[in-house]
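Visitor: Just a sequence and a predicted model for now, questions to come.
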Amino acid sequence: MPAQAFVAIVGHNGAGKTTLFRAFQQKIPYQGQLLLHGLDLRHTKDAAASGLLSYLPQKNIVSFSISVLDLVVMGLFRKKGFFENYTAQDYAQARATLAQLELTHLQEQDFTTLSGGEQQMVWLAQLMLQDADVVLLDEPTQQLDVYYKKQVFRLLQQWVRQKGKTVFCITHDLYNLQPMQGFLLNLSKPDPTLEPLSPETVQQNQVYLEAQRIVR
Ligand SMILES: Nc1ncnc2c1ncn2[C@@H]1O[C@H](COP(=O)(O)OP(=O)(O)OP(=O)(O)O)[C@@H](O)[C@H]1O
């Protein structure tokens, strides 16, 4: 697979999509090798702290009151010392990212009062600031309305093309995958391989997933 690519990971509920991400993060034992930029992840100390890998889980809960802007600026934690404060420049960067995602109107609001979809967009803004080489997204558009769904897939394609990122995206949203460029990995197939994305590939996989439910 090319170093910079969009990879959609699809498959039935329970097919092992999130489990694959857990392996990427060394949270479970696994057979074989996971290589990123030629580095074996088993021997790469703290891929998150070094900016190699970042992960957006399916559900990310915040149980304390915090403004959207304060949460987003924390995406810069990797570039900060432990007790170092965020600067005016950091906040400007966070504001610019929120503006890019059309979220400026929410920046002063308490994050815990946002709708599920708005919260999901804010996490994406924080992830953009983290600026890791490889991002793992677990159903990032699950709660989004049709407009934001389309926008997020566009944004992910831009991350790959303009910023040279590698994006692994677990999704059940096959409709929005059709115009995407990159690869599709269907974990419900008996021998999953990377298939180049095209409207035809997406259509074939949609038919495959609808026809039968594989339970391993
Ligand atoms: N710690 C665990 N111990 C035992 N079984 C587990 C564990 N974690 C996951 N599983 C099982 O492994 C299978 C794959 O789970 P996983 O969460 O990877 O599915 P998924 O493809 O992400 O599904 P979904 O689309 O529903 O999010 C499931 O059957 C799940 O019950």
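Guide: Yep, that arrived. Predicted model, so just to flag it, every value in this text is computed and none were measured.
Visitor: Can you show me the CA trace of stretch 156-170 as CSV?
Guide: C-alpha atoms of stretch 156-170 as CSV (Å, rounded to 0.1, in the frame of the first residue of the first chain):
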residue,chain,number,x,y,z
LEU,A,156,-10.3,12.9,4.7
GLN,A,157,-9.5,12.8,1.0
GLN,A,158,-7.8,16.3,1.4
TRP,A,159,-5.7,15.0,4.3
VAL,A,160,-4.3,12.3,2.1
ARG,A,161,-3.8,14.5,-1.0
GLN,A,162,-2.6,17.8,0.4
LYS,A,163,-1.0,16.8,3.7
GLY,A,164,0.3,13.3,2.8
LYS,A,165,-1.5,11.5,5.6
THR,A,166,-2.6,7.9,5.7
VAL,A,167,-6.2,7.5,6.9
PHE,A,168,-7.7,4.2,8.0
CYS,A,169,-11.4,4.8,8.3
ILE,A,170,-13.9,2.2,9.7
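Visitor: Flag every buried residue along that stretch.
Guide: For stretch 156-170, burial by neighbour count (16 or more other C-beta atoms under 10 Å) applies to L156, Q157, W159, V160, K165, T166, V167, F168, C169, I170. Placement of C-beta: from N, CA and C, glycine included.
Visitor: Quick one: list the elements packing against the host helix or strand of the first one.
Guide: Under the criterion of DSSP states H and E, L156 resides in helix 146-163. For helix 146-163, the elements it packs on are strand 6-10, helix 116-130, strand 166-170, helix 174-177, judged by 3 or more C-beta pairs under 8 Å, 6 or more residues apart in numbering; DSSP states H and E.
Visitor: how distant is the longest one from the center of its chain?
Guide: Averaged C-alpha coordinates place helix 116-130 at 10 Å from its chain's average position (C-alpha atoms, centre = their mean, to the nearest Å).
Visitor: list the helices and strands it packs on?
Guide: Contact analysis of helix 116-130 by 3+ C-beta pairs under 8 Å, 6+ apart lists strand 53-56, helix 68-73, helix 88-100, helix 146-163 as its packing neighbours.
Visitor: Select, out of the ones you listed, the one closest to the ligand.
Guide: Shortest separation from the ligand across the helices and strands packed on helix 116-130 is recorded for strand 53-56, at 13.3 Å, computed as C-beta to the nearest ligand atom.
Visitor: what sits against S54?
Guide: Residues in contact with S54 (C-beta atoms under 8 Å, 6 or more residues apart in numbering) are A48, L127, Q130, A132, V134, V135, L136.
Visitor: how about the nearest residue to it, chain neighbours excluded?
Guide: A132 (3.7 Å; C-beta to C-beta, 6 or more residues apart in numbering).
Visitor: before we move on, what about V134?
Guide: Of all residues apart from its sequence neighbours, T166 sits closest to V134 (C-beta to C-beta, 6+ apart), at 4.5 Å.
Visitor: and what of L194?
Guide: For L194, the nearest residue in space outside its immediate sequence neighbours is F183; the separation is 4.2 Å by C-beta to C-beta, 6+ apart.
Visitor: List the pairing partners of the least confident helix or strand in the chain by mean pLDDT within its sheet, with orientation.
Guide: Lowest mean confidence among the helices and strands of the chain (mean pLDDT, DSSP states H and E): strand 35-36, at a mean of 82. Listed by DSSP bridges, the sheet partners of strand 35-36 and their directions read strand 39-40 (antiparallel).
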